[in-house]
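Participant: coords below, sequence missing:
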């Protein structure tokens, strides 16, 4: 009995510890990204496409080797009227059989199969880069939502603090009304400010829940699992740290980003397609070999001897020279060249789009840094001004309008500082991604 009680006690303690650990688990940015990479359905589908391309490579490689087929046939023929003068057999039903082993190997085809294999292998590499590109896109989307959640949390925290200030001002206004320092209209304005700040708090909390829902959906995380973010927010020194040079980020991205590598491989593949199309002008040499035998019930020789004496082996070469094929080869070459030119333009467009993206991210980050500096000074100034006016209001030296104006200015300055802060974080983090690095928040 004591052992049973001890066992149950240990079981309860273990379960409690595990539940507490799950409840206290907080999701870092990297944890969110890793989970999404494992669970995202579209990413899993792209990996299936990659596996299909790998099968195509195996198929193309197999064409370099000979093919071998075995065939066997049995036939029953019935002749209701036979000539009595026949010297072979008078059987009306005749059984016959044929058995053969055939092999064919294309000896030379102007490297068409070898180039096709290279093309399939490149296509498989492009599919792999497609998976990497989708992973990068998922990382960026998770990062954006992660920072939006953190921003919404801080925004709600700021609004909650402003609501507390409004409530304190309203309570102080009640005392001033009793002492005759302010009027009922002034008190009503203070009460309206409390209601307005309550509305802003509810709105920010709803925004937070919306961002959390989007993050859950992107991570394929069920509602039953808790999602509490953990982030070591950087200091002001990090936010105002000089940004990396635009050209340096671009050079790193050119060597790292999968969309650029994919476009380069696509251009190489299309160039190889021109060579494959031109191979249609060249002859093809094939090596053929066969080993066959046949049997027939009309003979006087048994089945085994018929197979033996009817056994026939042959080997030969086949030369196929294209002379006129209704312009199919010439059209194929022209289309391949046009496709190659199009892929070069696609590569150029991807390079320009990458440069534009990096240029925009760095400009937005630089602008946000300037806004952060201005907003930081503005917050300090407004905090000092509001503290002074609030104290004067408590003493009856300032009216309600002046107090509310200072409070509105302070609230606006704090929101501007918050927005600038997260704009810097977002654009700096994305710049880091484009340079091939990761940033852990």
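Facilitator: Good, I have the coordinates. The structure displayed is predicted, hence computed values, not measured ones.
Participant: from here on, contacts and neighbour counts on C-alpha atoms
Facilitator: Noted.
Participant: check contacts around residue 407.
Facilitator: Contacts for residue 407 (Cα atoms under 8 Å, 6 or more residues apart in numbering) come out as residue 386.
Participant: Which pLDDT value belongs to it?
Facilitator: Residue 407 is assigned 90 on the pLDDT scale.
Participant: Also residue 219?
Facilitator: pLDDT at residue 219 comes out at 93.
Participant: That one contacts residue 43, correct?
Facilitator: No - using Cα atoms under 8 Å, residue 219 makes no contact with residue 43, being 11.4 Å away.
Participant: Identify the contacts common to the two.
Facilitator: Residues touching both residue 219 and residue 43 by Cα under 8 Å, 6+ apart: residue 37.
Participant: Quick check: beta-bridge partners of residue 313?
Facilitator: Beta bridges link residue 313 to residue 291, judged by DSSP bridges.
Participant: any idea how far residue 259 is from it?
Facilitator: Distance check for residue 313 against residue 259: by Cα to Cα, to the nearest Å, it reads 55 Å.
Participant: Between those two, point out the one with more neighbours.
Facilitator: residue 259 (22 against 13; other Cα atoms under 10 Å).
Participant: show me what contacts the nearest residue to the more buried one once chain neighbours are set aside?
Facilitator: Of all residues not flanking residue 259 in the chain, residue 133 sits nearest, at 6.3 Å (Cα to Cα, 6 or more residues apart in numbering). Counting by Cα under 8 Å, 6+ apart, residue 133 touches 257-259.
Participant: How is residue 162 assigned, secondary-structure-wise?
Facilitator: Secondary structure, DSSP: H, G, I helix; E, B strand; the rest coil: residue 162 is helix.
Participant: My read is that it contacts residue 411, right?
Facilitator: Yes - taking Cα under 8 Å as the definition, residue 162 is a contact partner of residue 411 at 7.2 Å.
Participant: Kindly check the end-to-end length of stretch 170-190 for me.
Facilitator: Termini of stretch 170-190 sit 5 Å apart (Cα to Cα).
Participant: Next, the buried residues of that stretch.
Facilitator: 170, 173-174, 176-177, 181-183, 186-187, 189-190 (16 or more other Cα atoms under 10 Å).
Participant: and the residues you listed, which of them are in strands?
Facilitator: Among the buried residues of stretch 170-190, no member is found in strands (DSSP state E).
Participant: residue closest to the middle of the chain?
Facilitator: Centroid-nearest residue in the chain, with Cα atoms, centre = their mean: residue 134, separated by 1.9 Å.
Participant: Averaged pLDDT, the host helix or strand of that one. What do you get?
Facilitator: Using DSSP states H and E, residue 134 falls within helix 112-178. Average pLDDT, helix 112-178: 93.
Participant: Give me the distance between it and the centre of its chain.
Facilitator: 15 Å (Cα atoms, centre = their mean, to the nearest Å).
Participant: Would you agree residue 110 falls within a strand?
Facilitator: No - if the criterion is three-state DSSP, then residue 110 is coil and not within a strand.
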